[in-house]
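S.K.: Structure, please.
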Amino acid sequence: MKERVFYDQIPDAQEVRFSYGGRGAEKNAKNYVIYCRESDEDRDRTKSIPAQVEQCFHVAEREGVNLLGHIREKKSARQPNRPKFQNLIAAIKDDEPLVCMEEGRTKERPDGIIAWHPDRISRNWRDSAEVIELLDDGLLTDMKFVMYSFHNDSSGKEHLAMEFARAKGYSDHLQDNVIRGLIEQELKGKGTKPLHPAFEVIRKKNTTDSDHLKIVPSKWHRHWRDVFRWRLEGKTYKQIAEDLIADGYAPTHIRGGTEKSTAVDSDHIGRHIENPLCYGMWMTAKETEFKRKVNLCEVYRGTYGAEFPCLVTEAEFKKVNPECFSDTATKPKEQVRHTGKYALSGKVFCKHQLKLKTTATLTGNKPKGGSGKQSPRYSCQRCKPTHSVDTDTILKAVGKEIGKIKLTEEEHKKFVIAYWHRYEVQRADRRYSKKSIREMKRRNEEELEEAEGILNKMQYGNKPASQKRITTQKRQVARLQEEAQSLDEREMKLTKEGIEQFFVLDAFLELSKNASKWWKKATEEQKRKTAEIVLSNVIVEGNEVATVSLAEPFATWAKSRTTRTSKTRHSNGKRSKRKTASENVEEVVDFLEKGSNFSETESGGADGTRTRDLLRDREAL
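M.R.: Numbers count the residues shown, from 1 in each chain. Have a look, this model is predicted:
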């Protein structure tokens, strides 16, 4: 319910002038949550989670606030998507309950946060902006810190944003220093991360010793030389693992300060056999942000005057791991969909599967056995044994059915009037669409020319612009270029549709006038396209065509010819009164006016009335 506002309770402007924007108002939240976080980058013991929790509880007790619970999270804030922090934000928005909330208080929404320092809350822009936005929206009422003083007003939010910026700057600077130190060590051939089991590092008490962290062979070096030899001989990872165990291979690893044995299996072999250190190439993990590599063979020659203890040569490693190199990796296969390639796809059905009321569509595929025929075969993969029929057989059956279509001159003229009007309406719509697209292309060309001129001035003018402005302008130019390409594609699509619709119209008019002759002189491609238009479905039994059903209005026309050629009598000897061909054509016109979906070129709607008016004006036909 909307809160009522009474005129006599509204404060005077003289009072508001010193308190608007939160100034002078120390407003506490109703429900607070303590958030404590630490990560590997924190080396100050005063920031450890137990110390944070203790001091934050002291702040809550001193201020006398209502606590809903406390959160402990061991995760770096340099990147967003911390699970527990995201739950806290969602709980403040009232989107989900707080995970750490005490029992019996699940309906209370937190609107305050207590933390040791703002850098515990965020070290990235996304989380920082979300916290500031919650303060702006009033969902987050207050924040209290052990080592920082915050006031929820415009000045307080500005300073909080500055603290978030300092926290991010510290994190980024720390990462830069760490990466710089790692690169310097790697360029000297030092081991700065967990190594392959075949290698280990020399650790000296004097860290300035030149041999400190130098990579040398381990006691398992010989075993891994055998691994590559066995792999080149064609052994599987499972066989190699069994041979290693039989040869006494038993590596260990340190976890939680305790040395534990490592499982030797196919995964262990496959994981380490791809390590480029085996042929002397030090490389960071593929998923790291700053990927890099160092050729230790060259480094060891220059620094230590010795060769690096490689397990194999680069050529042998490449032969064992071809997928790790661009020139030998297999290219991913492109998935080809055949549904749009074959004209009759989705119209050929198996009679047996139809009786079973299951999926009966036959699949179009290329002919086997090198017959050289271009037409595909349609096979039923569900019947056992499978059966199929080629497209030539289907087209012959369709041609036989189309041969039944025959209209008189009068009937043909009526159909031409009805269908040609529809075609003209659609062509007018396409012309209008093309005109609109051309106008948009003209405006796009002007905007693109102007944007490219501005970009050139920014880059090569007397006063070059900042890199940020140049980047923004480049994005603008790229967007306009993409828009121009999209408009070209739309115009080409309309042109293609017009050509296809004209072909459909031509085929309709020719088929309606003299179907059998047109079918005989049509090319294979025309037969395929026409069969897609006039065909409703084909029922296949075994390797033969059982029945062919035409789509409307062709089925009606075929029926009209059968009506003209057949003479039926009643039992009393009189001829039964049947519909004439002209009456059948009138039904076809009605069928067109109702907006049937026998082709993609129908428009339906109000065109039917206009078509009927045209027919009424041509009573001479």
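S.K.: Kindly report the domain assignment for this protein.
M.R.: 11-174, 199-324, 343-424+506-569+578-621 (automatic domain parsing).
S.K.: quick one: the shortest one to chain centroid distance?
M.R.: Yep, that's domain 199-324 we're talking about. Distance of domain 199-324 from the chain centroid (CA atoms, centre = their mean, to the nearest Å) equals 37 Å.
S.K.: first vs last residue of it, how far apart are they?
M.R.: This stretch, domain 199-324, spans 21 Å end to end (CA to CA, to the nearest Å).
S.K.: Can you tell me which of the domains of the chain has the worst average pLDDT?
M.R.: Among the domains of the chain, domain 343-424+506-569+578-621 carries the lowest mean pLDDT, at a mean of 64.
S.K.: Output the domains of the chain as a markdown table; include the columns mean neighbour count and distance to R4.
M.R.: To be clear about C-beta, it is placed using only N, CA and C from the backbone, and glycine gets the same treatment. Converted to a markdown table, the domains of the chain look like this (neighbours: other CB atoms under 10 Å; distance: least, CB to CB, whole Å):
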| stretch | mean neighbour count | distance to R4 |
| --- | --- | --- |
| domain 11-174 | 16 | 16 |
| domain 199-324 | 14 | 55 |
| domain 343-424+506-569+578-621 | 16 | 53 |
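S.K.: Make TSV from the ones you listed and add distance to G461 to it.
M.R.: Shown next, in TSV, are the domains of the chain (distance: least, CB to CB, whole Å):
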stretch	distance to G461
domain 11-174	32
domain 199-324	35
domain 343-424+506-569+578-621	53
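S.K.: Out of the ones you listed, the one nearest G181 is which?
M.R.: Smallest distance to G181 across the domains of the chain (CB to CB): 10.8 Å, for domain 11-174.
S.K.: mind checking how far that closest one is from the chain centre?
M.R.: Centroid separation for domain 11-174 versus its chain: 35 Å, with CA atoms, centre = their mean.
S.K.: How about stretch 347-354?
M.R.: 36 Å.
S.K.: Same check on stretch 438-452?
M.R.: On CA atoms, centre = their mean, the centre of stretch 438-452 falls 30 Å from the chain's centre.
S.K.: May I see the buried residues of it?
M.R.: If you call a residue buried by 16 or more other CB atoms under 10 Å, then stretch 438-452 has these buried ones: 440-441, 444, 447-448, 451.
S.K.: And the average pLDDT for it is what?
M.R.: Here the average pLDDT along stretch 438-452 is 89.
S.K.: Also stretch 485-493?
M.R.: Here the average pLDDT along stretch 485-493 is 87.
S.K.: need the strands for the stretch 151-300 of the chain, in chain order.
M.R.: Assigned by DSSP state E, counting those that start in this stretch, the stretch 151-300 of the chain shows strands spanning 199-201, 215-217, 252-255, 258-261, 281-283, 293-295.
S.K.: Dump the ones you listed to TSV, plus distance to G305.
M.R.: Output for the strands of the stretch 151-300 of the chain, formatted as TSV (distance: least, CB to CB, whole Å):
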stretch	distance to G305
strand 199-201	19
strand 215-217	15
strand 252-255	32
strand 258-261	34
strand 281-283	19
strand 293-295	16
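S.K.: among those strands, which is nearest I49?
M.R.: Each of the strands of the stretch 151-300 of the chain has some distance to I49 by CB to CB; the shortest is strand 252-255, at 21.4 Å.
S.K.: ok, now how distant is the residue nearest to K204 when sequence neighbours are not counted from N66?
M.R.: Closest residue to K204 apart from its sequence neighbours, by CB to CB, 6 or more residues apart in numbering: H212 at 4.2 Å. Counting by CB to CB, to the nearest Å, the separation of H212 from N66 is 55 Å.
S.K.: cool, L277 as well?
M.R.: For L277, the distance to N66 equals 57 Å [CB to CB].
S.K.: G403 now?
M.R.: G403 sits 89 Å away from N66, going by CB to CB.
S.K.: do the same with N124
M.R.: From N124 over to N66 the distance is 30 Å, taken as CB to CB.
S.K.: so which strand or helix has I437?
M.R.: helix 409-460 (DSSP states H and E).
S.K.: how about L311, what does it touch?
M.R.: 198, 221, 224-225, 228, 278-279 (CB atoms under 8 Å, 6 or more residues apart in numbering).
S.K.: please redo it, this time with the cut-off set to 7 Å
M.R.: L311 makes contact with 198, 224-225, 228, 278, according to CB atoms under 7 Å, 6 or more residues apart in numbering.
S.K.: I'd like to know the phi and psi angles of it, please.
M.R.: phi -80, psi -40 (degrees, to the nearest 10).
S.K.: what does F349 give?
M.R.: Dihedral angles (degrees, to the nearest 10) for F349: phi -130, psi 150.
S.K.: repeat for K493
M.R.: According to degrees, to the nearest 10, K493 has phi -60, psi -40.
S.K.: cool, and N31?
M.R.: The phi/psi pair for N31 (degrees, to the nearest 10) is phi -130, psi 130.
S.K.: Quick one: closest of the domains of the chain to E184.
M.R.: For E184, the closest of those is domain 199-324, at 11.0 Å, according to CB to CB.
S.K.: okay but S261 is in contact with T252, surely?
M.R.: Yes: contact criterion CB atoms under 7 Å: S261 and T252 qualify, at 5.4 Å.
S.K.: so what's the residue nearest to K204 up against?
M.R.: Residues near H212 by CB under 7 Å, 6+ apart: 202-204.
S.K.: If we use 8 Å, what do you get?
M.R.: Contact analysis of H212 by CB under 8 Å, 6+ apart lists 190, 202-204, 206.
S.K.: One more: L195?
M.R.: 201, 215, 277.
S.K.: how about the nearest residue to the last one, chain neighbours excluded?
M.R.: What sits nearest to L277 in space, not counting adjacent residues and going by CB to CB, 6+ apart, is H196, at 5.0 Å.
S.K.: The first one too?
M.R.: The spatially closest residue to V201, leaving aside those adjacent along the chain, is G191, at 4.0 Å (CB to CB, 6+ apart).
S.K.: Is it correct that the residue nearest to L277 is in contact with P276?
M.R.: No: contact criterion CB atoms under 8 Å: H196 and P276 do not qualify, at 9.4 Å.
S.K.: any idea where the strands of the stretch 451-600 of the chain begin and end?
M.R.: Going by DSSP E, counting those that start in this stretch, the stretch 451-600 of the chain shows strands at 535-541, 544-550.
S.K.: Please produce TSV containing these, extended by distance to I183.
M.R.: Listed next are the strands of the stretch 451-600 of the chain as TSV, based on distance: least, CB to CB, whole Å:
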stretch	distance to I183
strand 535-541	68
strand 544-550	72
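S.K.: Compare those strands and report which one is nearest to E163.
M.R.: Between E163 and the strands of the stretch 451-600 of the chain, the shortest separation by CB to CB is 71.6 Å, and it involves strand 535-541.
S.K.: Would you agree V65 falls within a strand?
M.R.: No: counting by DSSP: H, G, I helix; E, B strand; the rest coil, V65 falls outside a strand, being coil.
S.K.: my guess is it meets I34, correct?
M.R.: No: V65 lies out of contact with I34 (CB under 8 Å); the separation is 10.1 Å.
S.K.: what residues do these two have in common as contacts?
M.R.: Residues touching both V65 and I34 comprise I114, with contact defined as CB under 8 Å, 6+ apart.
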